[in-house]
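Student: sequence and predicted model, in that order:
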Amino acid sequence: VQLQAGGGLVHAGGSLRLSCVASGFTLDAYHVAWFRQAPGKERQQISCSDSIYGRIYYTDSVKGRFTIHRDNAKNTVYLQMNSLKSEDTAIYHCARTAYACHAPLIDYDLWGKGTQVTVSS
């Protein structure tokens, strides 16, 4: 995972789309997850796209607001974030694993550099 883009500053209720673009390998061969880490908090997985069974996972706090989507032609995984709240403010990372969506962090072997999302209330 070489590049992430799409973070920024948005007002509460607004939307952003994050992109996770892979270079040098095929993303659809991996499970891909989005994580976020707010100041003083642990890194949290918020969504994951399973590459084997096509299952999608969301943590409860983002269900109904965030959508993860793969575009295999572009070798990209997106995170569409709608109805953003101040508590969504964090640094967001995408990462890949060959194991399973709910594998521990140590099994995610390649991480994007992270992008800041700030939601003003």
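Tutor: That came through fine.
Student: and for A12, the neighbour number?
Tutor: Residues lying near A12 (other Cβ atoms under 10 Å) number 14. Any C-beta I mention is one placed from the backbone N, CA and C, and that applies to glycine too.
Student: how about L84?
Tutor: Neighbour tally, L84, other Cβ under 10 Å: 22.
Student: you'd agree it is up against L16?
Tutor: Yes - the pair L84 / L16 is scored as a contact, 6.8 Å apart, by Cβ atoms under 8 Å.
Student: now the common contact residues for these two.
Tutor: The contact sets of L84 and L16 overlap at 10, 117 (Cβ atoms under 8 Å, 6 or more residues apart in numbering).
Student: tell me which element the residue most central in space within the chain is part of?
Tutor: The centre of the chain sits closest to W34, judged by Cα atoms, centre = their mean, with a distance of 2.3 Å. Assessed by DSSP states H and E, W34 sits inside strand 31-37.
Student: over to S19?
Tutor: Using DSSP H and E, S19 sits within strand 16-21.
Student: got the angle between that strand and strand 31-37?
Tutor: Interaxial angle, strand 16-21 versus strand 31-37 (axes from the mean of the first three to the mean of the last three Cα atoms, to 10 degrees): 130 degrees.
Student: neighbouring strands - and their directions - for strand 16-21?
Tutor: Looking at strand 16-21 with DSSP bridges, its partner strands are strand 3-5 (antiparallel), strand 76-81 (antiparallel).
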